[in-house]
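In: no letters, just coordinates:
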């Protein structure tokens, strides 16, 4: 007979459960089994498995009509030191059941010690850019179909205007019409040339999202070209893959996380994960220094409340895990800077894409910078 | 000015769009922009980008009340040779918008040539096991909390009963109470010992899901112990990570895909991806030889229609990409074998977990085998 001697420390997951109190209680105890031992309770013959491995319902409180919040505690050893297994315990099998949504994670130091989190975070990125207080400004190189040289010209003109961060559009991979290496070489040179003229420290962040091995090779290549950060879409390649890049000290990259393919987790308010848990907390565990998301008022559908939850998740205390910048995006426009700053405050990165291409790009960028440097919320 | 000279070949995605015909048409043209150039149409000055990069609405047909099917064609070069970018084009940004569901993928040879697909597939796995016609039988080592030796004993007793495939529970990672290497060594030995006695070729499939680098190391370790296949949860590590393992000729592993964390893609019938597209087609592109899913009638909520769609996706013609076994699971019980066989036919793997542990394990396993060897649909 095995002797489990677990430490007794647990991590907590807050779940929203849809149903009557009785149904919610049943769902909560199902989660305790499903996410750990995955057998019916009557088959658990060993007392120490029952006592030490199973999740435990710590609280069940009403959130609204037929809607409850259950706090469930899981032993830290069940998640081990792996993000993939932590995600599995939090929401693996039960992602397949309707009516269960992860609201937030409460992770103790004994679990968090396995995670580096964002390498730069809010303070580190400000230091890198030499910008103390105001919101940071970001734009994207697009449309897809432009050649590397055309994208580099665009980057040069954005950087001249004073943009802080210039990222590849997340659809730029390594296509025949825009090969990765050629693109990043030309774009980085263009941004360095502009920095030489302006005295700013604008950063070019190429999209390195791709097949596991290529992603690492692209990161190495970027580093060789003097590039200090990159764009990764964890929904396309897995949070573990992003975490591995973020943790690599030989790369020491600044990472901007893109939400592609993650929408299904947040689109239905009764299932999936909350904006704060997924885009905020999980992205930070996976090493994102900044988190792109479709802001309210753009061409996507996040509400103000969802955006607030996301901000909270990206900045809330997580013992030793740095805060990440929220990056509102998705159809943002220059004329909204005051409104955005009022809502998001100063510790945010405003990502304006297409709207900066309406007219002279350098002038539009300078206007964007001007507005954010003068307005006060 | 760039000169795009794309080949003109396209791949097709069938989307279900919720709304009136007018709304659906608008959604369809939005998808064409959003999934490629990601700028408003009026900013597309270059004619060749407009003509060669943009998605094109090929058809729009009613599926029901306020529900349409749009067929959209994208240039094969936009997806390049990368699964991450293919997924991005199919559903990256629009996963963030409500009312859009991917129904199926129509991929031409010029795109599929970049994909190996399942290494074994249905025929290859049958050959490996020496089982010609009947459905295959699979079980899981659990509950979590058992020691490696206890799991190995369980594996031995299952294998003696004639089970074809014995997989780790997907919650077994590399925890302190069940270290990976010790577990796979003991379990593999146990199954080999049983095979020596029975003459069968039962396979032990350890769960190698984990951080990117460790996953590869675990695969290598498994191989060194004579193990021929493994369990991977692509939702936890990314489809690209699974694809990389599947494609590695030095590993040449049989891969069983687990659906953990993928539920959000299919749980809402108006968003996400269909069961056939995700669990079937995408899993095959990523190299899965067999695909686990919660069958109708178990403790999860897939309907018969959804299961049928999944079967179709796992077996439908995809020029050169082998068919994968559907693996109905999630609370399956031995007494349902006849019913399951009637529904799934012979080219399926029935995964029964907890129910085989009700009583003497070897006897229960033998009964399971007996039932499937004698019943005819």
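Out: Cool, got the structure. Source: prediction; values computed, not measured.

In: burial measure for the nearest residue to residue A:351 once chain neighbours are set aside, as a count.
Out: Distance criterion Cβ to Cβ, 6 or more residues apart in numbering or on different chains; nearest residue to residue A:351, sequence neighbours excluded, is residue A:329 at 3.7 Å. (Each C-beta comes from the backbone N, C-alpha and C, glycine too.) Residue A:329 has 24 neighbours, counted by other Cβ atoms under 10 Å in any protein chain shown.

In: who's in contact with residue A:329?
Out: A:138, A:292, A:293, A:294, A:295, A:298, A:351, A:352, A:353 (Cβ atoms under 8 Å, 6 or more residues apart in numbering or on different chains).

In: helices or strands up against the helix or strand where residue A:122 lies?
Out: Using DSSP states H and E, residue A:122 maps to helix A:121-129. Secondary-structure packing of helix A:121-129 (3 or more Cβ pairs under 8 Å, 6 or more residues apart in numbering or on different chains; DSSP states H and E): strand A:136-141, strand A:254-257.

In: how about the helices in the stretch 51-200 of chain A?
Out: All helices of the stretch 51-200 of chain A, identified by DSSP state H, counting those that start in this stretch, fall at A:76-79, A:83-91, A:109-112, A:121-129, A:148-160, A:180-198.

In: show me what from the stretch 51-200 of chain A comes close to chain B.
Out: With Cβ under 8 Å from any Cβ of the partner chain as the criterion, the stretch 51-200 of chain A comes near chain B at residues A:52-53, A:77-78, A:80, A:82-85, A:87-89, A:91-98, A:140, A:142-147, A:150, A:169-171, A:173-177.

In: pull out the buried residues from these.
Out: A:52-53, A:77-78, A:80, A:82-85, A:87-89, A:91-97, A:140, A:142-147, A:150, A:169-171, A:173-175, A:177 (16 or more other Cβ atoms under 10 Å in any protein chain shown).

In: now residue A:292: phi and psi?
Out: Dihedral angles of residue A:292 (phi, psi; degrees, to the nearest 10) stand at phi -80, psi 140.

In: I'd say it and residue A:259 touch.
Out: Yes: counting by Cβ atoms under 8 Å, residue A:292 does reach residue A:259; the two are 6.0 Å apart.

In: follow-up on the earlier one: which one of the helices and strands packed on helix A:121-129 lies closest to residue A:282?
Out: strand A:254-257 (9.6 Å; Cβ to Cβ).

In: so for whichever helix or strand comes after that closest one, mean pLDDT?
Out: For strand A:254-257, the succeeding helix or strand toward the C-terminus, using DSSP H and E, is helix A:263-266. Average pLDDT, helix A:263-266: 95.

In: run the chain-centre distance for helix A:263-266.
Out: 13 Å (Cα atoms, centre = their mean, to the nearest Å).

In: strands paired with the helix or strand just after it, and their directions?
Out: Next helix or strand after helix A:263-266 toward the C-terminus (DSSP H and E): strand A:272-273. Strand A:272-273 has the following strand partners under DSSP bridges: strand A:100-106 (parallel).

In: now residue A:225. Nearest residue, chain neighbours left out?
Out: residue A:188 (5.0 Å).

In: surely the one you found meets residue A:228?
Out: No: using Cβ under 8 Å, residue A:188 is not in contact with residue A:228; the gap is 9.7 Å.

In: and the two? which has more neighbours close in?
Out: For residue A:188 and residue A:228, the more surrounded residue by other Cβ under 10 Å is residue A:188, and the numbers stand at 21 against 17.

In: let me see the contact set for the more buried one.
Out: A:204, A:206, A:225, A:226, A:227.

In: I'd like to know which of those residues are buried.
Out: A:204, A:206, A:225, A:227.

In: what's the most buried one of the helices of the stretch 51-200 of chain A?
Out: With neighbours taken as mean count of other Cβ atoms under 10 Å in any protein chain shown, the helices of the stretch 51-200 of chain A reach their highest mean count in helix A:83-91, at a mean of 27.

In: which residues does the residue nearest the centre of chain A contact?
Out: A centroid search over chain A (Cα atoms, centre = their mean) returns residue A:283, at 3.6 Å, as the residue closest to the centre. For residue A:283, the contact set (Cβ under 8 Å, 6+ apart) comprises A:234, A:239, A:257, A:291, A:314, A:324.

In: doesn't it belong to a helix?
Out: Yes: per DSSP: H, G, I helix; E, B strand; the rest coil, residue A:283 lies within a helix segment.

In: can you put the helices and strands packed on helix A:121-129 in CSV and add mean pLDDT?
Out: Converted to CSV, these look like this (pLDDT from 0 to 100):
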stretch, mean pLDDT
strand A:136-141, 98
strand A:254-257, 98
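
In: closest one to residue A:27 among those?
Out: strand A:254-257 (30.5 Å).

In: partner strands of that closest one, parallel or antiparallel?
Out: strand A:229-232 (parallel), strand A:290-294 (parallel).

In: just among the contacts of residue A:329, which is most surrounded?
Out: The most crowded member of these, judged by other Cβ under 10 Å, is residue A:293 (29 neighbours).

In: who does it bridge with?
Out: Per DSSP bridges, the residues bridged to residue A:293 are residue A:328.

In: and residue A:227, backbone torsions?
Out: Residue A:227 adopts backbone torsions of phi -80, psi 140, taken as degrees, to the nearest 10.

In: tell me the pLDDT at the nearest residue to it once chain neighbours are set aside?
Out: Sequence neighbours aside, residue A:188 is the residue nearest to residue A:227 in space, at 5.4 Å (criterion: Cβ to Cβ, 6+ apart). Residue A:188 carries a pLDDT value of 98.

In: show me the contacts for whichever residue of chain A sits closest to chain B.
Out: Going by Cβ to the nearest Cβ, chain B is nearest to residue A:238 of chain A, at 2.7 Å. Neighbour list for residue A:238: A:84, B:212, B:236, B:237, B:238, B:240, B:241 [criterion: Cβ under 8 Å, 6+ apart].

In: of those residues, which belong to helices?
Out: Of these, the ones assigned to helices by DSSP state H are A:84, B:212, B:236, B:237, B:240, B:241.

In: of all the residues you listed, which two lie farthest apart?
Out: Pairwise across those, and taking Cβ to Cβ, the largest span is found between A:84 and B:240, at 13.8 Å.

In: which residue packs closest to residue A:365, ignoring adjacent ones?
Out: Nearest non-adjacent residue to residue A:365 (Cβ to Cβ, 6+ apart): residue A:161, at 2.5 Å.

In: for residue A:252, that is, sorry about that
Out: In space, residue A:252 is closest to residue A:119, 6.4 Å off (Cβ to Cβ, 6+ apart).

In: what's the pLDDT at residue A:376?
Out: 59.

In: try residue A:300
Out: Predicted confidence (pLDDT) for residue A:300: 76.

In: which strand or helix spans it?
Out: Per DSSP H and E, residue A:300 falls between elements, in no helix or strand.

In: also residue A:245?
Out: Taking DSSP H and E as the criterion, residue A:245 maps to helix A:239-247.

In: what mean pLDDT does that helix get?
Out: Averaged over helix A:239-247, pLDDT sits at 96.

In: name the helices or strands packed onto that helix?
Out: helix A:83-91, helix A:212-224, strand A:229-232, strand A:254-257, helix A:283-285, helix B:212-224, helix B:234-237, helix B:239-247.

In: mind redoing it with 7 Å?
Out: For helix A:239-247, the packing partners by 3 or more Cβ pairs under 7 Å, 6 or more residues apart in numbering or on different chains; DSSP states H and E come out as helix A:83-91, helix A:212-224, strand A:254-257, helix B:212-224.
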